[in-house]
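Student: build me a model:
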Amino acid sequence: MAHDEYTETFEQILKDTLPQTPGIVRSVAMRELRLAAREFFEKSLTWTAIIDNVTATAGETDIVITDGDDNTEIIAVLGIALTAGGRYLSPVAQRPAKFEESDLPRVFFVTSNPDHIRLWPYMVNTTSNFMDVTVALIPAFNATALPRQITLKYYDALVDGYLARVYKHPNKPYSAPALAGDHRHIFKRAIGYYIAQRKQGFNNAQNWVFPRGWAVRRLGGNG
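Tutor: Residues are numbered from 1 along each chain as shown. Okay, the predicted model is just below:
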(Lines give C-alpha, C1' and ligand atoms only; values in the text may rest on other atoms or scores of the structure.)
Protein backbone atom coordinates (compact mmCIF):
# COMPACT_ATOMS: atom_id res chain seq x y z
CA MET A 1 0.00 0.00 0.00
CA ALA A 2 1.15 3.52 -0.67
CA HIS A 3 2.31 5.51 2.32
CA ASP A 4 -0.13 8.37 1.61
CA GLU A 5 -3.07 6.02 2.30
CA TYR A 6 -2.25 5.93 6.02
CA THR A 7 -4.64 8.64 7.15
CA GLU A 8 -6.13 7.22 10.37
CA THR A 9 -3.69 7.71 13.24
CA PHE A 10 -3.49 5.66 16.41
CA GLU A 11 -3.46 9.00 18.22
CA GLN A 12 -6.93 9.83 16.91
CA ILE A 13 -8.30 6.47 18.04
CA LEU A 14 -6.88 7.09 21.51
CA LYS A 15 -8.54 10.52 21.66
CA ASP A 16 -11.89 8.85 21.05
CA THR A 17 -11.37 6.65 24.13
CA LEU A 18 -10.04 9.29 26.57
CA PRO A 19 -13.33 9.65 28.51
CA GLN A 20 -13.28 5.89 29.14
CA THR A 21 -9.70 5.71 30.43
CA PRO A 22 -9.08 8.66 32.79
CA GLY A 23 -5.49 9.05 33.94
CA ILE A 24 -3.90 6.58 31.54
CA VAL A 25 -0.30 7.27 30.51
CA ARG A 26 -0.32 8.06 26.81
CA SER A 27 2.70 5.91 25.94
CA VAL A 28 1.16 2.92 27.72
CA ALA A 29 -2.13 3.49 25.92
CA MET A 30 -0.38 3.68 22.56
CA ARG A 31 1.44 0.41 23.18
CA GLU A 32 -1.76 -1.39 24.19
CA LEU A 33 -3.61 -0.08 21.12
CA ARG A 34 -0.83 -1.26 18.80
CA LEU A 35 -0.84 -4.68 20.49
CA ALA A 36 -4.62 -4.93 20.15
CA ALA A 37 -4.39 -4.06 16.46
CA ARG A 38 -1.60 -6.57 15.89
CA GLU A 39 -3.58 -9.30 17.66
CA PHE A 40 -6.74 -8.57 15.69
CA PHE A 41 -5.09 -8.63 12.26
CA GLU A 42 -2.84 -11.58 13.11
CA LYS A 43 -5.78 -13.75 14.15
CA SER A 44 -8.34 -12.59 11.60
CA LEU A 45 -6.00 -12.23 8.55
CA THR A 46 -8.33 -9.54 7.25
CA TRP A 47 -5.73 -6.94 6.24
CA THR A 48 -4.38 -8.27 2.96
CA ALA A 49 -2.32 -7.11 0.03
CA ILE A 50 -1.23 -8.60 -3.30
CA ILE A 51 2.46 -8.30 -4.11
CA ASP A 52 2.87 -8.55 -7.86
CA ASN A 53 5.70 -9.96 -9.95
CA VAL A 54 7.78 -11.59 -7.22
CA THR A 55 11.03 -13.25 -8.30
CA ALA A 56 11.47 -17.00 -7.70
CA THR A 57 15.06 -17.85 -6.82
CA ALA A 58 16.73 -21.05 -7.92
CA GLY A 59 17.66 -23.86 -5.58
CA GLU A 60 16.64 -24.94 -2.09
CA THR A 61 16.64 -21.37 -0.77
CA ASP A 62 14.19 -19.12 1.04
CA ILE A 63 12.24 -16.51 -0.87
CA VAL A 64 11.65 -13.49 1.39
CA ILE A 65 8.35 -11.77 0.65
CA THR A 66 8.19 -8.05 1.38
CA ASP A 67 5.65 -5.35 0.65
CA GLY A 68 8.29 -2.61 0.97
CA ASP A 69 6.30 -0.77 3.65
CA ASP A 70 7.82 0.21 7.01
CA ASN A 71 4.34 0.50 8.57
CA THR A 72 3.50 -3.18 8.16
CA GLU A 73 4.80 -6.69 8.77
CA ILE A 74 3.78 -9.78 6.81
CA ILE A 75 2.16 -12.30 9.15
CA ALA A 76 1.10 -14.92 6.59
CA VAL A 77 1.38 -15.89 2.94
CA LEU A 78 -2.19 -16.71 1.94
CA GLY A 79 -1.81 -17.63 -1.70
CA ILE A 80 0.52 -17.72 -4.68
CA ALA A 81 -0.58 -17.39 -8.30
CA LEU A 82 1.89 -17.96 -11.12
CA THR A 83 1.91 -15.03 -13.53
CA ALA A 84 2.20 -17.38 -16.50
CA GLY A 85 -0.61 -19.84 -16.93
CA GLY A 86 -2.84 -18.56 -14.14
CA ARG A 87 -2.15 -21.52 -11.88
CA TYR A 88 -2.27 -21.44 -8.07
CA LEU A 89 0.27 -23.19 -5.86
CA SER A 90 -1.05 -25.30 -3.01
CA PRO A 91 0.24 -24.66 0.53
CA VAL A 92 1.72 -27.57 2.50
CA ALA A 93 2.56 -27.69 6.21
CA GLN A 94 6.19 -28.78 5.86
CA ARG A 95 8.94 -29.43 3.36
CA PRO A 96 8.27 -32.45 1.13
CA ALA A 97 10.68 -35.28 1.90
CA LYS A 98 11.67 -35.85 -1.72
CA PHE A 99 14.23 -33.60 -3.39
CA GLU A 100 12.94 -32.55 -6.77
CA GLU A 101 13.74 -29.70 -9.19
CA SER A 102 11.55 -28.08 -11.80
CA ASP A 103 10.69 -24.62 -13.07
CA LEU A 104 7.04 -25.56 -12.63
CA PRO A 105 6.58 -25.78 -8.84
CA ARG A 106 3.36 -27.21 -7.44
CA VAL A 107 3.37 -26.25 -3.76
CA PHE A 108 4.88 -23.79 -1.31
CA PHE A 109 5.71 -23.94 2.40
CA VAL A 110 6.78 -21.52 5.12
CA THR A 111 10.25 -21.88 6.67
CA SER A 112 11.63 -19.83 9.58
CA ASN A 113 9.32 -16.78 9.46
CA PRO A 114 5.83 -16.13 8.09
CA ASP A 115 7.35 -14.13 5.22
CA HIS A 116 9.97 -16.77 4.31
CA ILE A 117 8.78 -19.40 1.85
CA ARG A 118 10.14 -22.04 -0.49
CA LEU A 119 8.63 -23.45 -3.65
CA TRP A 120 8.60 -27.17 -4.42
CA PRO A 121 9.83 -28.68 -6.65
CA TYR A 122 12.75 -26.29 -6.23
CA MET A 123 13.39 -23.91 -9.10
CA VAL A 124 16.16 -24.74 -11.53
CA ASN A 125 16.48 -21.16 -12.77
CA THR A 126 15.94 -17.84 -11.04
CA THR A 127 12.94 -16.27 -12.74
CA SER A 128 11.78 -12.68 -12.35
CA ASN A 129 8.11 -11.66 -12.44
CA PHE A 130 7.28 -15.29 -11.68
CA MET A 131 4.36 -15.03 -9.22
CA ASP A 132 1.84 -12.81 -7.47
CA VAL A 133 1.68 -13.35 -3.71
CA THR A 134 -1.30 -12.59 -1.48
CA VAL A 135 -0.20 -11.77 2.06
CA ALA A 136 -1.81 -10.87 5.38
CA LEU A 137 -0.47 -7.81 7.19
CA ILE A 138 -0.26 -6.50 10.74
CA PRO A 139 0.86 -3.04 11.90
CA ALA A 140 4.56 -2.73 12.70
CA PHE A 141 5.52 -2.03 16.32
CA ASN A 142 6.45 1.53 15.38
CA ALA A 143 3.43 2.18 13.15
CA THR A 144 1.64 5.46 13.83
CA ALA A 145 -1.34 5.14 11.49
CA LEU A 146 -3.58 2.76 9.58
CA PRO A 147 -5.25 3.04 6.17
CA ARG A 148 -8.67 4.63 6.42
CA GLN A 149 -10.39 1.71 4.72
CA ILE A 150 -9.06 -0.55 7.50
CA THR A 151 -10.31 1.56 10.39
CA LEU A 152 -13.68 2.20 8.73
CA LYS A 153 -14.40 -1.54 8.78
CA TYR A 154 -12.64 -2.67 11.96
CA TYR A 155 -12.69 0.44 14.16
CA ASP A 156 -15.08 -0.98 16.79
CA ALA A 157 -13.13 -4.22 17.04
CA LEU A 158 -9.86 -2.36 17.58
CA VAL A 159 -11.39 -0.21 20.32
CA ASP A 160 -12.85 -3.27 22.06
CA GLY A 161 -9.47 -5.01 21.95
CA TYR A 162 -7.75 -1.92 23.34
CA LEU A 163 -10.24 -1.40 26.18
CA ALA A 164 -10.07 -5.09 27.10
CA ARG A 165 -6.33 -4.67 27.62
CA VAL A 166 -6.27 -1.42 29.56
CA TYR A 167 -9.25 -2.21 31.81
CA LYS A 168 -7.25 -5.20 33.10
CA HIS A 169 -4.50 -2.93 34.45
CA PRO A 170 -4.50 -3.25 38.26
CA ASN A 171 -5.05 -0.36 40.67
CA LYS A 172 -5.55 2.38 38.09
CA PRO A 173 -8.28 5.05 37.95
CA TYR A 174 -9.62 3.31 34.85
CA SER A 175 -9.30 -0.29 36.11
CA ALA A 176 -12.47 -2.28 35.42
CA PRO A 177 -11.94 -6.07 35.35
CA ALA A 178 -15.60 -6.84 34.64
CA LEU A 179 -15.68 -4.47 31.68
CA ALA A 180 -12.38 -5.91 30.49
CA GLY A 181 -14.03 -9.31 30.24
CA ASP A 182 -17.00 -7.89 28.35
CA HIS A 183 -14.81 -6.10 25.82
CA ARG A 184 -12.57 -9.16 25.44
CA HIS A 185 -15.61 -11.29 24.62
CA ILE A 186 -16.81 -8.79 22.00
CA PHE A 187 -13.28 -8.54 20.57
CA LYS A 188 -12.93 -12.32 20.19
CA ARG A 189 -16.38 -12.54 18.64
CA ALA A 190 -15.40 -9.90 16.09
CA ILE A 191 -12.27 -11.87 15.22
CA GLY A 192 -14.36 -14.98 14.62
CA TYR A 193 -16.85 -13.09 12.48
CA TYR A 194 -14.18 -11.53 10.28
CA ILE A 195 -12.31 -14.83 9.94
CA ALA A 196 -15.44 -16.25 8.36
CA GLN A 197 -15.82 -13.18 6.15
CA ARG A 198 -12.18 -13.49 5.04
CA LYS A 199 -12.59 -17.16 4.13
CA GLN A 200 -15.51 -16.20 1.88
CA GLY A 201 -13.53 -13.43 0.22
CA PHE A 202 -15.80 -10.75 1.78
CA ASN A 203 -18.36 -11.47 -0.95
CA ASN A 204 -19.94 -14.73 0.30
CA ALA A 205 -18.00 -16.74 -2.27
CA GLN A 206 -18.21 -20.52 -2.02
CA ASN A 207 -15.04 -21.73 -0.34
CA TRP A 208 -15.46 -25.47 -0.94
CA VAL A 209 -15.89 -27.84 -3.85
CA PHE A 210 -17.35 -31.31 -4.30
CA PRO A 211 -14.76 -34.08 -3.82
CA ARG A 212 -13.37 -35.54 -7.02
CA GLY A 213 -15.49 -38.28 -8.49
CA TRP A 214 -18.73 -36.91 -7.08
CA ALA A 215 -21.68 -36.06 -9.29
CA VAL A 216 -25.02 -34.77 -8.12
CA ARG A 217 -28.13 -36.22 -9.63
CA ARG A 218 -31.13 -34.06 -10.44
CA LEU A 219 -33.11 -35.50 -7.52
CA GLY A 220 -30.20 -35.64 -5.11
CA GLY A 221 -27.74 -38.32 -4.09
CA ASN A 222 -24.28 -39.20 -5.34
CA GLY A 223 -23.73 -40.28 -8.91
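
Student: going forward, measure contacts between C-alpha atoms and count neighbours the same way
Tutor: OK.

Student: what lies in contact with the helix ranked longest in the chain?
Tutor: Counting residues, the longest helix in the chain under DSSP state H turns out to be helix 177-199. Applying Cα atoms under 8 Å, 6 or more residues apart in numbering, the external contacts of helix 177-199 come out as 40, 43-46, 157-158, 160-161, 163-168, 203-204, 207.

Student: pull out the buried positions in that helix.
Tutor: Going by neighbour count (16 or more other Cα atoms under 10 Å), the buried part of helix 177-199 is 177, 180-181, 183-184, 186-188, 190-191, 194-195, 197-199.

Student: leaving out sequence neighbours, find the closest residue to E5.
Tutor: P147 (5.4 Å; Cα to Cα, 6 or more residues apart in numbering).

Student: distance of that neighbour relative to R31?
Tutor: 18 Å (Cα to Cα, to the nearest Å).

Student: ok, R106 next?
Tutor: R106 sits at a distance of 41 Å from R31 (criterion: Cα to Cα).

Student: surely V77 is in a strand?
Tutor: Yes - according to DSSP: H, G, I helix; E, B strand; the rest coil, the state of V77 is that of a strand.

Student: how many neighbours does it have?
Tutor: When neighbours are counted by other Cα atoms under 10 Å, V77 registers 24.

Student: over to N113?
Tutor: 11.

Student: same deal with L104?
Tutor: 14.

Student: now swap in D160 and tell me
Tutor: 21.

Student: show me what whatever helix or strand it lives in is packed against.
Tutor: If you go by DSSP states H and E, D160 is part of helix 148-166. Using 3 or more Cα pairs under 8 Å, 6 or more residues apart in numbering; DSSP states H and E, the elements in contact with helix 148-166 are helix 26-44, helix 177-199.

Student: work out the gap between the first one and the centre of the chain.
Tutor: Looking back up the chat, that one is helix 26-44. The chain centre lies 14 Å from the centre of helix 26-44; the measure is Cα atoms, centre = their mean, to the nearest Å.

Student: now do that helix, average pLDDT.
Tutor: Per-residue pLDDT over helix 26-44 has a mean of 96.

Student: the inter-axis angle of it versus helix 148-166?
Tutor: Going by axes from the mean of the first three to the mean of the last three Cα atoms, to 10 degrees, helix 26-44 is angled at 110 degrees with respect to helix 148-166.

Student: next, the buried residues of helix 26-44.
Tutor: Those buried within helix 26-44 under the rule 16+ other Cα under 10 Å are 29-30, 32-42, 44.

Student: go through those residues and name the one nearest Y88.
Tutor: S44 (22.4 Å; Cα to Cα).

Student: please report how far the closest residue to the closest one other than its chain neighbours lies from T46.
Tutor: If the residues on either side of it in the chain are set aside, S44 comes closest to I195, at 4.8 Å by Cα to Cα, 6+ apart. Distance of I195 to T46, given as Cα to Cα: 7 Å.
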